[in-house]
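*Asks:* attaching a predicted model along with its sequence, questions to come.
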Amino acid sequence: MMSDALHGLRRLFAIVFTADRRGVLTLVFVKITEATSLPVQAVALKLITDGVVEHRRALAFGGLAALALSIVMRGVCAAGSHVQYSVGDRTMIALSSHLGRAVNRPAGLELSENPEFHDRIVMLRDGIRMLPGAVIGIGQIVMLGIQLIITAVLLAGVHPAMVALPVLAVIWVWFAGRGNRIAFQAREATAEAMRLDEHLTDLVLSPGPAKELRIFGIEGEILRRAQELWTGSTRAILRGEWRGAALGLVGLTVFTFGVAGCVLGAVLLARYGRATVGDVVLVLNTALLALGQVAGIVWAFRDVAGGMRLVVHMQWLDGVAATAERIPPDVVRPPDRLRSGIDLRDVGFCYPGADRPALAGVNLAIPAGSTVAVVGDNGAGKTTLIKLLCGLYVPSSGSITVDGVDLTDMHPAQWRARIAGTFQDYVNYELLVRENIGQGDLRRLPDSSALTEAVQRAGAADQVRALPAGLDSQLGRRFGGAELSGGQWQRLALARGLLRDAPLLQVLDEPTAALDPAAERALFERYAAGARHAREQAGSVTLLVSHRFSTVRLADLIVVVSAGTVAEFGSHADLMRSESIYAELYRLSTRSYRD
């Protein structure tokens, strides 16, 4: 346990030092100066007292000089006190950036869908906010530790037995450390409940869910559940805090008796002529100073312990992120253009913790340059198939090859760089319109002509022209910009997905749910014309997931997914002639429109 604590402290200090080396060195100088100023003051008071009592003018003037020195030292410390806040802020920024990189380090989605990951993220976010206090705490511990050592030397000069006071200080710190661990464990045990409370509270406070909450009249119920979670979590945390405080009180009591014993001992020594009045003043000052020093160390250790717990969670995140990164030892680059296509051989996939696989025994050959529509009931496995092809998951069994090369042998980032896509759960970036679209390919962000072409292909040209500043218009009412409808946001997401030039794989996963059937068909026809250019340049494959069969029939090939496997595969004409599942679904769809 002690070795873990020392490792955590060493790791925390390394993070702080890396974030702001000059600030740390300045902080060390300031804290050493502050650590010696108070003991110098105590010695000065002893010299002044003995000089006055014993009529020794030189001794008294020496004490006054030492007192002046201590005041100057305190002034220097006050002038440099801002450094610790600067170091704390820089460390917080550095660790926040590290957290962002670690979260996005894995190529797949397994980590982001792990409940323990989200619990750790909650604790990391809370811990990062406490980080400036931890940095200040490290400085306090350094300063107070030096003060305590000097205090022990000064007390030993009066009587060797008084060295026991620092030993009692260690006991107090030990009890307080045990109490801190209990308090932190209570907080960590409530992380999931607090996360759910935060989610429910956000539902009530966010404008998006407001319509549904009010129509159903459930805002009171949501608030009640959030309050219940918060109350239960707070009670558990307070129980841990009280238990921790009780242990700290035991240590404080032991140390207080030690301080009283030192003062009483100094008085008795002076009474029997074995110590001077100045020694009594020195012991009184240093003992009371030690009480404040150890109290400061206890509080500083609490802040530092929070920082050390933060390091533990960060190391866990770094470890699982590195494990999930999936960088093959011999990286194969994706081809410049597809020649044969993408093949799935006996592919299966099961989500962690799921009772049954989402996909099993999938065999599928997707020719280069083809446009493929994927259809099937909700939950059939369509989106899972898309995620596997995008390299966001690794198959539990079987293999996916691109022009004969296994997808797991390619660097995930390099493969993703050759994919363009629009998904049903697209993101509404409340940025400038050009920045919103430009997220699809940052290299083409400065190219207004490329952005305009993507907007036209997505059928969003009229809506962008209608905005106050066109591509330079701000989006999102929260930032004083235009608030778009669901269909308008979706068209911008489509433009974003169409920005990347000549990808090997173009994915449209339910990209037009907010558009009417006629608009979807017109969009797909425009896109199909553009896809021919990408097919000629890179042999691109286009995957379309849709429930609208009027659009699906335009694809070269149609894949019917049912119960986690490929039930049928072929062109619209072939599947209609075979009286297949697809034929039945198509007739039902067209009949519903006629009715």
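*Replies:* Thanks, I have the structure now.
*Asks:* tell me if I'm right that residue 60 and residue 51 touch.
*Replies:* Yes. With the criterion set as Cβ atoms under 8 Å, residue 60 and residue 51 qualify as a contacting pair; they are 2.8 Å apart. Any C-beta I mention is one placed from the backbone N, CA and C, and that applies to glycine too.
*Asks:* pretty sure residue 362 sits in a strand.
*Replies:* Yes. Per DSSP: H, G, I helix; E, B strand; the rest coil, residue 362 lies within a strand segment.
*Asks:* distance check, it against residue 59.
*Replies:* In this structure, residue 362 and residue 59 are 93 Å apart, going by Cβ to Cβ, to the nearest Å.
*Asks:* do the same with residue 243
*Replies:* Counting by Cβ to Cβ, the gap from residue 243 to residue 59 is 51 Å.
*Asks:* the more surrounded of the two?
*Replies:* Just comparing residue 243 and residue 59: by other Cβ atoms under 10 Å the higher neighbour count belongs to residue 59, 19 against 15.
*Asks:* so where's the stretch 401-550 of the chain uncertain?
*Replies:* Counting by pLDDT under 70, the stretch 401-550 of the chain contains low-confidence ranges at 511-522, 524-534.
*Asks:* in it, what residue spans correspond to helices?
*Replies:* With DSSP state H, counting those that start in this stretch as the criterion, the stretch 401-550 of the chain has helices at 412-416, 433-438, 448-457, 461-465, 486-497, 517-538, 549-552.
*Asks:* ok, residue 426 - contacts?
*Replies:* Residues touching residue 426, when contacts are defined by Cβ atoms under 8 Å, 6 or more residues apart in numbering, comprise 489, 490, 493, 496, 511.
*Asks:* now, which of those residues sits nearest residue 76?
*Replies:* residue 496 (55.7 Å; Cβ to Cβ).
*Asks:* what about the closest one, neighbour count?
*Replies:* Using other Cβ under 10 Å, residue 496 is surrounded by 25 other residues.
*Asks:* would you agree it is in contact with residue 435?
*Replies:* No. No contact is recorded between residue 496 and residue 435 when judged using Cβ under 8 Å, the distance being 10.1 Å.
*Asks:* skipping adjacent residues, who's closest to residue 50 in space?
*Replies:* For residue 50, the nearest residue in space outside its immediate sequence neighbours is residue 278; the separation is 3.5 Å by Cβ to Cβ, 6 or more residues apart in numbering.
*Asks:* how far away is that neighbour from residue 509?
*Replies:* Taking Cβ to Cβ as the criterion, residue 278 is separated from residue 509 by 83 Å.
*Asks:* before we move on, what about residue 138?
*Replies:* According to Cβ to Cβ, residue 138 and residue 509 sit 49 Å apart.
*Asks:* ok, those two, which is more surrounded?
*Replies:* Counting neighbours by other Cβ under 10 Å for residue 138 and for residue 509 shows that residue 138 has the greater number, 26 against 22.
*Asks:* for the helix or strand hosting that one, give the mean pLDDT please.
*Replies:* Assignment of secondary structure by DSSP states H and E places residue 138 within helix 131-158. The average of the pLDDT scores along helix 131-158 is 73.
*Asks:* next secondary structure after that helix?
*Replies:* Using DSSP H and E, the helix or strand that follows helix 131-158 towards the C-terminus is helix 164-189.
*Asks:* to residue 100, which of the helices of the stretch 401-550 of the chain lies closest?
*Replies:* Nearest of those (Cβ to Cβ): helix 412-416, 15.9 Å.
*Asks:* mind listing what's buried along the closest one?
*Replies:* Neighbour counts over helix 412-416 (16 or more other Cβ atoms under 10 Å) mark 412, 415, 416 as buried.
*Asks:* domain-wise, how is this protein divided?
*Replies:* Residue ranges for the domains of the chain, per automatic domain parsing: 2-186+244-324, 341-418+503-594.
*Asks:* reformat those as TSV; add distance to residue 472.
*Replies:* TSV is the format used below for the domains of the chain (distance: least, Cβ to Cβ, whole Å):
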stretch	distance to residue 472
domain 2-186+244-324	28
domain 341-418+503-594	25
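*Asks:* lowest average pLDDT across those domains?
*Replies:* domain 2-186+244-324 (a mean of 74).
*Asks:* before we move on, the earlier item: neighbours of the residue nearest to residue 50, how many?
*Replies:* If you count neighbours by other Cβ under 10 Å, residue 278 ends up with 23.
*Asks:* residues contacting the residue lying closest to residue 250 once chain neighbours are set aside?
*Replies:* If you skip the residues right next to it in sequence, residue 250 has residue 175 as its closest partner in space, 5.3 Å away by Cβ to Cβ, 6+ apart. With Cβ under 8 Å, 6+ apart as the criterion, the residues that contact residue 175 are 247, 248, 250, 251, 254.
*Asks:* mind running it again at 6 Å?
*Replies:* For residue 175, the contacting residues are 247, 248, 250, 251, taking Cβ atoms under 6 Å, 6 or more residues apart in numbering as the criterion.
*Asks:* drop anything exposed from those residues.
*Replies:* When those are checked against 16+ other Cβ under 10 Å, the ones flagged as buried are 247, 248, 251.
*Asks:* any idea which of those residues is closest to residue 393?
*Replies:* Using Cβ to Cβ, residue 247 is the member of the buried ones among the contacts of residue 175 that lies nearest residue 393, at 46.9 Å.
*Asks:* what sits against the closest one?
*Replies:* The contact partners of residue 247, taken as Cβ under 6 Å, 6+ apart, are 175, 178, 179.
*Asks:* for residue 22, helix, strand, or coil?
*Replies:* The three-state label for residue 22, taken from three-state DSSP, comes out as helix.
*Asks:* how many residues are close by it?
*Replies:* Residue 22 is surrounded by 10 other residues when neighbours are defined as other Cβ under 10 Å.
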